[in-house]
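Student: This is the structure alone, sequence omitted:
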Ligand SMILES: [Zn+2]
């Protein structure tokens, strides 16, 4: 088992439970907009239990991500503060941040990034979980927290993380993940993966989306369908990673779980969600996972062209 596989065994939960974006400008926000807004930034709370080499890699990766995927100022409509605290420490220590009781694992929780790092993840400076969590902040910013459906949230973060890993670590973990972690429900009832609640365990108690392998397969199948429309691989990933979330920010929403994201899907991808699901069920199989793998030469800089 590679350290990559080990580092991902802790399932990331997008645990953001904050307030919905409020379209009605309050007196406070109109006052805020008259001032020059502070650029959204990350505040590092890095515990001394973390090895120096990891901390160096972490900072390097965060600088790289902030350059490649800047967090849009829209995020100031989601979070009260113009910054996000990052709490990172090594597993085994009792939570060293008493101001954040009960934190564990890795997630975006409220307006914090939680990174509890296992010893395995230090063997080769593995910072892939940072990439995954950062990508969620990017999605939240673009969409103004219109975060639906789950398979595009998690499959997107995971696919991006894997392309980055392939490019910068020179290794590929995605083929193994797809081989081992794709549920049969992707091909029988993909709608289940729209929500966290309906895609955790199947009736037999088996996990349906281990390391988000199922969600990732769906994202890669969507990219393949877009390529059939004559769209390049780079552009197809940009549409999935970026354009969809911008479009989602425009949809009417009653609650976080009640959002007309299907409209964004059709607008951006020029295919209805029903058509996509029916193609997934009729044209794709788990055994054919190699057909959806991204090119080995794909680079993240080629994907994010539009700013
Ligand atoms: Zn995630």
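Tutor: That came through, no problem. Quantities reported herein were computed from a predicted structural model and do not represent experimental measurements. Numbers count the residues shown, from 1 in each chain.

Student: gap between the helix or strand hosting residue 132 and the chain center?
Tutor: Of the helices and strands defined by DSSP states H and E, residue 132 is found in helix 128-143. Relative to its chain's centre, helix 128-143 lies at 5 Å (Cα atoms, centre = their mean, to the nearest Å).

Student: which element follows that helix toward the C-terminus?
Tutor: Downstream of helix 128-143 (by DSSP H and E), the next one is helix 150-169.

Student: helices and strands around that next one, which ones?
Tutor: Packed against helix 150-169, as judged by 3 or more Cβ pairs under 8 Å, 6 or more residues apart in numbering; DSSP states H and E, are the following elements: helix 128-143, helix 174-181, helix 213-228, helix 300-303. Bear in mind the C-beta positions are built from the backbone N, C-alpha and C, glycine included.

Student: ok, now with 6 Å
Tutor: On a contact count with 3 or more Cβ pairs under 6 Å, 6 or more residues apart in numbering; DSSP states H and E, helix 150-169 meets helix 128-143, helix 213-228.

Student: Tell me where the model's unsure across the stretch 151-300 of the chain.
Tutor: 256-257 (pLDDT under 70).

Student: redo that, cut-off 90
Tutor: By pLDDT under 90, the weakly predicted segments of the stretch 151-300 of the chain are 169-173, 203, 251-259.

Student: Put together TSV for the helices and strands packed on helix 150-169, with mean neighbour count on each row.
Tutor: Converted to TSV, the helices and strands packed on helix 150-169 look like this (neighbours: other Cβ atoms under 10 Å):
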stretch	mean neighbour count
helix 128-143	24
helix 213-228	23
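
Student: Would you give the sheet partners of the longest strand anywhere in the chain, along with the direction of each?
Tutor: Using DSSP state E to assign secondary structure, the strand with the most residues in the chain is strand 83-90. Counting by DSSP bridges, the strands paired with strand 83-90 are strand 41-46 (parallel), strand 112-117 (parallel).

Student: Check which residues of that strand are buried.
Tutor: Neighbour-count burial for strand 83-90, with 16 or more other Cβ atoms under 10 Å as criterion, is recorded at 84-90.

Student: nearest to residue 259, of those residues?
Tutor: residue 84 (22.6 Å; Cβ to Cβ).

Student: what's near enough to touch that closest one?
Tutor: 42, 111, 113 (Cβ atoms under 6 Å, 6 or more residues apart in numbering).

Student: quick check, nearest of these to residue 76?
Tutor: Each of the contacts of residue 84 was scored against residue 76 by Cβ to Cβ, and residue 111 proved nearest at 11.1 Å.

Student: The closest one contacts residue 80, doesn't it?
Tutor: No - the pair residue 111 and residue 80 fails to qualify as a contact (Cβ atoms under 6 Å) at a distance of 7.1 Å.

Student: And for the residue sitting nearest the centre point of the chain, nearest residue in space, chain neighbours not counted?
Tutor: For the chain, the residue nearest the mean C-alpha position is residue 157 (2.7 Å; Cα atoms, centre = their mean). Of all residues not flanking residue 157 in the chain, residue 135 sits nearest, at 4.2 Å (Cβ to Cβ, 6 or more residues apart in numbering).
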